[in-house]
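Q: Pasting the sequence and the predicted coordinates here, then a few questions.
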Amino acid sequence: MSSLLESRKDGAAILTINRSLKRNAINYDVMEEMLEAISRAEADSSVSYIIVTGSGEQSFCSGGDVREFHNLRTEEEAYPMLRKMGTVLERLFLCKKPTVALLNGHAVGGGSELAIACDFRISRSNIQVGFIQGSIGLTTGWGGTVFALERMKSDHAMQMLISADRYSAEEAFEKGYMTYITKSANWHSEAYEYIGNLFKRSSPILSSYKMYWLSRLDQDKLSERIEQEIRNCARLWAKDEHHIAVEAFLNRKKKQS
Ligand SMILES: C[C@@H](C(=O)O)C(=O)SCCNC(=O)CCNC(=O)[C@H](O)C(C)(C)COP(=O)(O)OP(=O)(O)OC[C@H]1O[C@@H](n2cnc3c(N)ncnc32)[C@H](O)[C@@H]1OP(=O)(O)O
């Protein structure tokens, strides 16, 4: 089964991470399929905007697949993995069409980076959001800090990053991370209604505004900052603090099963 589902609806390309049993953790398959799907959506004239979401109702994305990536021990081994997903998120951030993260569930670790790479974050209630990397001996390593600092007030972004805490959708809204939180029990229909209304204008209007937004960025400098973040995270990856924290997470699960 494909790790990423791709569909089209009313001008949207919908990309759905399809690993709900692993809480939509990102592995190499998701990375590759996401990069290809973004390219297809950008080139497809029937697509006006892109929605990134997760399957199931528990998790939008739980970040990197800690089990699959636990065999990466050194800086040299961690760097290519971080760089690969960093490239996907940079692509999404610089996409010429507007992008929305539809938070169907928790967005933690790299999942919160994926969401902040998008232009808007629409969420259901009762979910956790957090740049929790600091609790496992890392910083963001896919460009998430660069994106958060571009999109949020810097003290709010820094608080979420440095604390590595988990926030409710409502707390994340107060920090300026979240764009909209659904209110009704039928969160799915409400979210799609909100998104449809947000993108009701024609495709050239949507892409023009996206172009104006992108034009404020120095893209070379941005890429340099993302690369610095990835390299630094790769250095932290190799340290005991990170490996011990991941083992504790994996063993916690083993004890319960
Ligand atoms: C690369 C780096 C970066 O940012 O650059 C990162 O992302 S570091 C990665 C940061 N992510 C993490 O540390 C993992 C965080 N995960 C969580 O906090 C939690 O799992 C939630 C996402 C809140 C979901 O909680 P919930 O109680 O619904 O589920 P759970 O914890 O029982 O997990 C259900 C199953 O999904 C698996 N699972 C959960 N998160 C996973 C992940 N990131 N990678 C691989 N497997 C994962 C669990 O091991 C378990 O598998 P079994 O059923 O087989 O036992």
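A: Noted; the coordinates are in hand.
Q: what does the helix or strand of the chain with the lowest mean pLDDT contact?
A: Least confident helix or strand of the chain, by mean pLDDT, DSSP states H and E, is helix 240-256 with a mean of 85. Residues outside helix 240-256 that contact it (CB atoms under 8 Å, 6 or more residues apart in numbering): 66-67, 70, 73, 135-138, 236. The way it works is simple: take the backbone N, C-alpha and C, and place the C-beta from them, glycine included.
Q: shaky segments in the stretch 151-257 of the chain?
A: The stretch 151-257 of the chain contains residues with pLDDT under 70 at 253-257.
Q: could you pull out the helices for it?
A: For the stretch 151-257 of the chain, the helices defined by DSSP state H, counting those that start in this stretch cover 154-163, 169-174, 187-198, 203-215, 219-237, 240-256.
Q: May I see the buried residues of the second one?
A: Within helix 169-174, the residues that qualify as buried are 169, 171-173, counting by 16 or more other CB atoms under 10 Å.
Q: which of those residues come close to the ligand?
A: Near the ligand, judged by CB under 6 Å from any ligand atom, there are no entries from the buried residues of helix 169-174.
Q: Tell me the one among the residues you listed nearest to the ligand.
A: residue 169 (13.2 Å; CB to the nearest ligand atom).
Q: Nearest residue to the middle of this protein?
A: Central residue of the chain (CA atoms, centre = their mean): residue 114, 1.0 Å from the mean position.
Q: Contact partners for that one?
A: Residue 114 makes contact with 26, 52, 60-61, 89, 92, 101, 107, 142, according to CB under 8 Å, 6+ apart.
Q: Quick check: of these, which lies closest to the ligand?
A: residue 142 (4.6 Å).
Q: State the helix or strand in which that closest one lies.
A: Using DSSP states H and E, residue 142 is not contained in any helix or strand.
Q: repeat for the one 3 residues further on
A: Take DSSP H and E as the rule and residue 145 turns out to sit in helix 144-151.
Q: helices and strands around that helix, which ones?
A: Helix 144-151 makes packing contacts with helix 75-93, helix 110-117, helix 154-163, helix 219-237 when contacts are defined by 3 or more CB pairs under 8 Å, 6 or more residues apart in numbering; DSSP states H and E.
Q: Mind listing what's buried along it?
A: Residues 144-148, 150-151 are the ones in helix 144-151 that count as buried (16+ other CB under 10 Å).
Q: and if you look at stretch 94-114?
A: Judged by neighbour count using 16+ other CB under 10 Å, the buried positions of stretch 94-114 are 95, 97-114.
Q: Among those residues, which ones lie close to the ligand?
A: The residues of the buried residues of stretch 94-114 that also fall near the ligand, by CB under 6 Å from any ligand atom, are 106, 108-110, 113.
Q: Which residues of the chain lie near the ligand?
A: Contact residues (CB under 6 Å from any ligand atom) of the chain with the ligand: 22-23, 25, 58-59, 62-67, 106, 108-110, 113, 128, 133, 136, 140-142, 249, 253.
Q: So how do I select the buried members of those residues in ChimeraX?
A: Those of these that count as buried under 16+ other CB under 10 Å are selected in ChimeraX with:
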select :22,23,25,59,62,63,64,65,66,106,108,109,110,113,128,133,136,140,141,142
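Q: partner residues bridging the closest residue in space to residue 103 that isn't next to it in sequence?
A: Distance criterion CB to CB, 6 or more residues apart in numbering; nearest residue to residue 103, sequence neighbours excluded, is residue 123 at 3.7 Å. With DSSP bridges applied, residue 123 shows beta-bridge pairing to residue 103, residue 181.
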